[in-house]
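Colleague: model this:
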Amino acid sequence: MTVALPALAVACLAAVTWLLLAGRPQSAARQEGATSADLERQQLLRAINNMPIGLVMFDANKRALIVNDCYRETYGLSREVTARGSHLRDMLEERLAAGTIEGVDRETYIERILKLVEQTESSVRRVTLGDGRTINIIHHPIPGGGWLGTHEDVTDREQLHCQLAHQNELLRERELQLKAQNLHFDAALANMSQGLTMFDRELRLLVCNNQFAELYALPAELMRPGTSLQSVLQHRVSTGLCSENDARERLTMAGHNAPGTSIVEMGDGRAVLIKHQPMRDGGFVATHEDITEQRNIEARIKHMAHHDALTDLPNRLLLRQQLERALDEQAQRGPIAVLWLDLDRFKEVNDTLGHATGDALLKSVAERLQSCVRAEDTVARLGGDEFAIIQTGTSQPVGATVLAARLIDVIGAPFQINDHQIVVGASVGIAIAPDDADNAEQLLKNADLALYRAKSDGRGTYRFFEPAMDALMHARRQLEIDLRDAIGAHAFELFYQPILDVEDGKVVGVEGLLRWNHPTRGRIEPGAFIPLAEETGLIVSIGEWVLRTACAQIASLPRPVNVAVNLSALQFSQGDLVRLVLETLASTGLEASRLELEVTETLLLENTDKVLGTLGRLRDVGVRIAMDDFGTAYSSLSSLRSFPFDKIKIDQSFVQGLGQSDHAFAIIEAVAGIGARLDMVTTAEGVETEDQLAWVRALGVTEVQGFYTGVPLPFGELVRLLAQEKGQAAA
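Modeller: Sure thing, here's the model as predicted:
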């Protein structure tokens, strides 16, 4: 346990004082007038009573030899019960009566303390009083019996430690180690971490410890009693630790002799915390603590609160503060541009190369961004792969245009990260004050809206904010709110588009197509809200509803047909898709072989291993897997090789090209041939004319789907269609 060094220093002084007073014989000379030594002992005794630390000394019979005022005030004790010769038991009983100790059995507590003070080794303990104060107690046995104790109220220090949290934990451990090393009474004064000085009313030195001397590099002659404070301060001036003005100010403050705490900045860069405490009869006691390290920790904490941990760029909080400051000074600085930047294809880097590589890329991006701006501009990381720049002191919008183009060009150049050459891009949104907004919140919002437009327009470009963007985003936000409400309000409905066998024209399956029955806008097609559902993550809940509803409805049809349901990428990354499918099949009674799950080539490219693993488990239980929109991505043939699909759905763009392009004929014929060789069903989507039906039949496609062969139907009409078809077959 570490000893609180200031308290121990005072205890040392008290012990010396007591020894001097107790050891001096009472003679006629003492009655006639005090000698210089007498005066010195009296001054030390007064100093003890003026210390902000409780001090007690007991003999071997547990009777008081010295009790100072601070000890009495700490525990609410009277002078009668603390008079010289009083027994410790009486003090403990008065403590309990005063309520400073709560929640303990009276006799048990007294016996425990009486036994505790009999220990023969120095110790430190900390107690909490009934009113919440925390007292640090140091117990030091005296040779021949008895002990010396200091009681220091460290409540304020505890609160400070709580605020500094784990940063101060390191300092506390260091302090505890020092206290443990200096627990022995005779070495404490020389090893305490704080400097201690005591001056009389004439501002002449009474006591100082070695730490004080080391703190200010005092020579031995300036440590002697009687040295003037002015001489000590003049030494600081001569060594460059303070200026003449600083020395005069310290001397004036000492002359006023008011209690207080101050921090002095030293000429060598150190910071010293000085606590000044006047004594009743004049003079003062002061502690001097080097808090340079603590100040450095506080500075690091402040830096961490305003900077991004990965890139060390200003974070969102500091960006906003600097933007508000720039807006306040706009009259002098001119127009202010905010550029909001987002990396293109960054998610692919994280997914394929890992987050460590992604983090290294972000740091490199930060360095490139800083190389593009001037010293007066601010580059900040907002989180993820988003950055922002405040540009001031240049003509607008020319300055922002030039900077945005340079950013896109610089970020678009290849990065060499961990033996990988990585190419990403950047999209930039720009808002300019005061034209677009005159406050930080709106300016940042408008820059974000402009970025959204830049990304929507194809990425790798920049866009300036336009007022219409806000209206569009407001409509989008309202649509998102309505979409969330729709999930709980059962506002969705499934339509089913028939899929026909080319040879006999019979319905062999249907594709479930989602419709949203909006309370004010009517029926909304999926193209108007599915992208928003994907972006917000709502597609997971919607997709689960579609799967359960489709399986339940198709299982109840008058004759068995297959049902195709589209899957979203988020359904693979969030939740357990395999379990959802199995639970749905079990609860609806639909055979696994009648369920077709459609995925796109893009999904396979984004997260191949995880997606293929999930599809493999679904296929193992009998579910059919179809590749949708075949031919529209970059690696269609390699996708077929990566997984044994049950069906290939030829994108409608090729079907629409029949009769207009020889390429369309060649592609459909090739796909049909591949399907036949790989034992995969091929479905031509988007068949809208009789000629298109004849062409795909001739080219070897096995199934067709489109408005010519069957429009999407509500479930009730699908039931009637299949019943009618069944009746015709029976006839």
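Colleague: where does the stretch 201-350 of the chain have low pLDDT?
Modeller: For the stretch 201-350 of the chain, no stretch is flagged by pLDDT under 70.
Colleague: what do you get if the cut-off is 80, keeping everything else the same?
Modeller: 331-333 (pLDDT under 80).
Colleague: next one: the stretch 501-650 of the chain
Modeller: 535, 573, 575, 601-609, 629-642.
Colleague: residue boundaries of the strands in the stretch 401-550 of the chain?
Modeller: Along the stretch 401-550 of the chain, counting by DSSP state E, counting those that start in this stretch, strands occupy 415-417, 420-422, 425-433, 462-464, 492-501, 507-518, 522-524.
Colleague: Mean neighbour count, those: which tops it?
Modeller: Per-stretch averages of neighbours, counted by mean count of other Cβ atoms under 10 Å, single out strand 425-433 among those, with a mean of 24. Backbone N, C-alpha and C define where each C-beta goes, glycine included.
Colleague: Which elements pack onto it?
Modeller: Applying 3 or more Cβ pairs under 8 Å, 6 or more residues apart in numbering; DSSP states H and E, we find strand 425-433 packed against strand 336-344, helix 398-412, helix 440-456, strand 462-464.
Colleague: What are the buried residues along the second one?
Modeller: Residues of helix 398-412 classed as buried under the neighbour-count rule (16 or more other Cβ atoms under 10 Å) are 399-400, 403-404, 407-408, 411.
Colleague: returning to what we had before: now render the strands of the stretch 401-550 of the chain as JSON lines, adding distance to Glu544.
Modeller: Output for the strands of the stretch 401-550 of the chain, formatted as JSON lines (distance: least, Cβ to Cβ, whole Å):
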{"stretch": "strand 415-417", "distance to Glu544": "38"}
{"stretch": "strand 420-422", "distance to Glu544": "36"}
{"stretch": "strand 425-433", "distance to Glu544": "32"}
{"stretch": "strand 462-464", "distance to Glu544": "36"}
{"stretch": "strand 492-501", "distance to Glu544": "11"}
{"stretch": "strand 507-518", "distance to Glu544": "12"}
{"stretch": "strand 522-524", "distance to Glu544": "20"}
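Colleague: With respect to Arg79, which of those strands lies nearest?
Modeller: Nearest of these to Arg79, taken as Cβ to Cβ: strand 425-433 at 70.2 Å.
Colleague: and the closest one with strand 336-344, angle?
Modeller: Computed by axes from the mean of the first three to the mean of the last three Cα atoms, to 10 degrees, the angle separating strand 425-433 from strand 336-344 equals 160 degrees.
Colleague: Just the C-alphas of strand 425-433, formatted as PDB.
Modeller: C-alpha atoms of strand 425-433 as PDB (Å, rounded to 0.1, in the frame of the first residue of the first chain):
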ATOM      1  CA  GLY A 425     -12.800   5.400 -56.500                       C
ATOM      2  CA  ALA A 426     -14.300   8.400 -54.900                       C
ATOM      3  CA  SER A 427     -17.600  10.200 -55.100                       C
ATOM      4  CA  VAL A 428     -17.900  13.800 -53.800                       C
ATOM      5  CA  GLY A 429     -20.800  16.000 -52.700                       C
ATOM      6  CA  ILE A 430     -20.300  19.700 -52.400                       C
ATOM      7  CA  ALA A 431     -22.200  22.400 -50.400                       C
ATOM      8  CA  ILE A 432     -21.100  26.100 -50.300                       C
ATOM      9  CA  ALA A 433     -21.900  28.600 -47.600                       C
END
